[in-house]
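*Asks:* This is a predicted model, with the sequence first.
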Amino acid sequence: MSNCKVANLTVKAELGCCLLHRSGRLTIDGCILQCESNPLDYYLSCPIVSTADAGPEILTSSAKSHGYSVSVSRTRIEGGAKAVLTSGSLKLQRVRVIFARTSIFFLV
C-alpha cells in the first residue's frame, strides 16, 4: 500500500480537482486548495476527490486499520461545488470545519 503526504502546498485548479485519491493513504496538511467552480461538470469542481474503495470486508482488524484513507488537517479549501467528493466506499468521518464566505478550514 502506498502512503503520501502533501504539506505546505498551494494548488489552484481551473478545470478538474486539486487532488485525486485512488488508493493508499493520503495526508493533506497545511495546504491551500483553490478550485474554480465549473457549472458544466459537477464532478470536476471538487477540490478533493476520492474514488478509493475501503477494501474487502474479510481483512483482519489490524489490516483494516491500515486501509485506504484521506486525512486533512489545517487546510484551506476555496471554491468548488463540494469540498470533498467520494465516489468509492470511503466515508467522511470526524469532520470539523470553519466556514467563511469564500473558504472552508479543516481543523484537527
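*Replies:* Yep, it's here. The shown structure was predicted, so the numbers you read here are calculated from the model rather than taken from an experiment. Numbering: from 1, shown residues only.

*Asks:* How many residues are close by residue 5?
*Replies:* Residue 5 has 10 neighbours, counted by other C-beta atoms under 10 Å. C-beta here means a position set from N, CA and C on the backbone, and glycine is covered the same way.

*Asks:* whoops, residue 7 was the one
*Replies:* Residue 7 - counted by other C-beta under 10 Å - has 12 other residues nearby.

*Asks:* So in terms of bridging, what pairs with the nearest residue to it once chain neighbours are set aside?
*Replies:* The spatially closest residue to residue 7, leaving aside those adjacent along the chain, is residue 29, at 4.6 Å (C-beta to C-beta, 6 or more residues apart in numbering). With DSSP bridges as the criterion, residue 29 is bridged to residue 7, residue 73.

*Asks:* Over to the one 5 residues further on?
*Replies:* For residue 34, the beta-bridge assignment (DSSP bridges) gives partners residue 12, residue 78.

*Asks:* Report the contact partners of it.
*Replies:* Residues counted as contacts of residue 34 (C-beta atoms under 8 Å, 6 or more residues apart in numbering) are 10-13, 18, 47, 78-79.

*Asks:* do that again at 6 Å, thanks
*Replies:* 12, 78-79 (C-beta atoms under 6 Å, 6 or more residues apart in numbering).

*Asks:* same deal with residue 18?
*Replies:* Per C-beta under 6 Å, 6+ apart, neighbours of residue 18: 11, 33, 35, 47.

*Asks:* got a pLDDT number for the first one?
*Replies:* pLDDT, residue 11: 93.

*Asks:* one step back: neighbours around the residue nearest to residue 7, how many?
*Replies:* When neighbours are defined as other C-beta under 10 Å, residue 29 has 16 of them.
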